[in-house]
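J.: here is a sequence with its predicted model. Questions after.
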Amino acid sequence: MKQASLTQRAHLNALRRAQSRRRRSVLMLLAAGLLLGVLVTLALGQSYTPLSTVARVLAGIDVPGASFTVRELRLPRAVACLLAGACFGLGGVAFQTLLRNPLASPDIIGISSGASAGAVFAIVALSWSGPAVALAAVASGLGVALSIYLLSWRDGVTGARLILIGIGLAAMLQSVTAYLLMQAPSWSLQEALRWITGSVNGVRLAQALPLGLALTLLGGLLLSRRADLDALRLGDELAAGLGVRLGVTRLVVVLAAVGLVAFATAVTGPIAFVAFLSGPIAARINGQNGSLLWSAALVGALLVLASDYAGQFLLPARYPVGIVTGVLGAPYLVYLIIRDNQRKGAP
């Protein structure tokens, strides 16, 4: 009996080591893919800039022609894609893990729509611009998240009820945004349109600074709770039995995830389906065991970076990044709904 127990323990330890090696390999491959994507973005656009020249520009050396192209146009765009994608990926997988439902993504349940509606209202109705619009987007996203949470509370919050209420609020907010755009004067319409499609056109490095701070602080807060999130994947009762403080963990995770999505939306607008897709893709390539937070953040960054490049240079016309990610994410959403209906209808 003792020998059998030792054999089982050795087998379990070997399995854990194999899973840990796989997670590290996945993270290294995703990081390598991101590095390659950044190099391509900085070097190859409407014109080619040698990597040696890119390195000189990044080192602060003025190179006629290349300095403006790399430092002012390509670099801010790449940084915004990386930071926003990581924020969306982290926020999305945190919600999906907390509610144990792949449909529980901030862009599905209305948080991104709330941030967009707040930004468009600030632009059209209040004639705000710059940082004030970003603050309006963040405040609106947080307010919508609180509204969804309160409306879905009934002796606790269940994932299905929260998702349905979130989808209803998202539809209402999208209608509000459409009405505001119809009333918008021509001078503010172009700026307002960015808040319904998601775009990194015209982003500056100064705008990415608050996003980087939000990712560092709120992302770090989420990562500090990754063990609790992993336990919640097993169910509330088992998680409580393992010592997880359910109320505190939910509050921290929701606030951090909503903040990440709201700050990202404040800079780039609601880039569709990145928060929704990052978690499932990370789970598929990483395996279901262990935390998905790091993998989802890297997947989100890679999705936004690759989609933005494709929208600029690989399609017949130029499209904002949100259009490209929307085309990628919509079929997966339909697939998830069909699969869920089939499961419920199965005997």
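T.: Sure thing, it's come through. Numbers count the residues shown, from 1 in each chain.

J.: quick check: closest non-adjacent residue to Gly143.
T.: Gly114 (6.7 Å; C-beta to C-beta, 6 or more residues apart in numbering). All C-beta atoms are positioned from the backbone trio N, CA, C, and that covers glycine.

J.: how much space between that neighbour and Pro50?
T.: Distance of Gly114 to Pro50, computed by C-beta to C-beta, to the nearest Å: 44 Å.

J.: which one of the two is surrounded by more residues?
T.: Gly114 (34 against 10; other C-beta atoms under 10 Å).

J.: my read: the more buried one touches Ala139, true?
T.: No. Shown here, Gly114 and Ala139 do not form a contact pair, counting by C-beta atoms under 8 Å, at 9.5 Å.

J.: so which strand or helix has the residue most central in space within the chain?
T.: In the chain, the residue lying closest to the centroid (C-alpha atoms, centre = their mean) is Phe88, at 1.1 Å. In this assignment (DSSP states H and E), Phe88 forms part of helix 75-99.

J.: and stretch 43-55, which residues are buried?
T.: Of the residues in stretch 43-55, those buried under the neighbour-count criterion (16 or more other C-beta atoms under 10 Å) are Ala43, Gly45, Thr49, Thr53, Val54.

J.: same question, stretch 194-209
T.: Residues of stretch 194-209 classed as buried by neighbour count (16+ other C-beta under 10 Å): Arg194, Trp195, Ile196, Thr197, Gly198, Ser199, Val200, Asn201, Val203, Gln207, Ala208.

J.: okay, the angle between the helix or strand encompassing the last one and helix 75-99?
T.: In other words, Ala208. According to DSSP H and E, Ala208 maps onto helix 205-224. Using axes from the mean of the first three to the mean of the last three C-alpha atoms, to 10 degrees, one finds that helix 205-224 and helix 75-99 are set 30 degrees apart in direction.

J.: who does helix 205-224 touch, helix- and strand-wise?
T.: If you count contacts as 3 or more C-beta pairs under 8 Å, 6 or more residues apart in numbering; DSSP states H and E, helix 205-224 packs onto helix 75-99, helix 246-268, helix 293-309.

J.: show residues contacting whichever helix or strand comes after that helix.
T.: Later in the chain than helix 205-224, the nearest helix or strand by DSSP H and E is helix 226-232. Applying C-beta atoms under 8 Å, 6 or more residues apart in numbering, the external contacts of helix 226-232 come out as 94, 97-98, 100, 222, 238-239, 242, 244-246, 249, 253, 290-291, 293.

J.: same deal with stretch 191-209?
T.: Outside stretch 191-209, the residues touching it (C-beta under 8 Å, 6+ apart) are 75-77, 79-81, 83-84, 116, 119-120, 123-124, 129, 134, 137, 177, 180-181, 184, 267-272, 304, 308, 320-323, 325.

J.: contact partners for the closest residue in space to Pro280 that isn't next to it in sequence?
T.: Using C-beta to C-beta, 6+ apart and skipping residues adjacent in sequence, the residue nearest Pro280 is Pro102, 5.6 Å away. Residues near Pro102 by C-beta under 8 Å, 6+ apart: Gln96, Phe276, Gly279, Pro280, Leu336.

J.: need the contact list for the first one.
T.: Applying C-beta under 8 Å, 6+ apart, we find Gln96 in contact with Pro102, Ala104, Ser105, Gly279, Pro280.

J.: most neighbours, which of these?
T.: Ser105 (30 neighbours).

J.: surely that residue and Ala272 touch.
T.: No. Applying C-beta under 8 Å as the test, Ser105 and Ala272 come out as separate, 10.4 Å apart.

J.: hang on, the earlier thing: the residue nearest to Gly143 should be in a helix, yeah?
T.: Yes. Membership of Gly114 in a helix is supported by DSSP: H, G, I helix; E, B strand; the rest coil.

J.: wait, Ile281 sits on Val299?
T.: Yes. Using C-beta under 8 Å, Ile281 is in contact with Val299, at 4.9 Å.

J.: right, I'll call it a day here.
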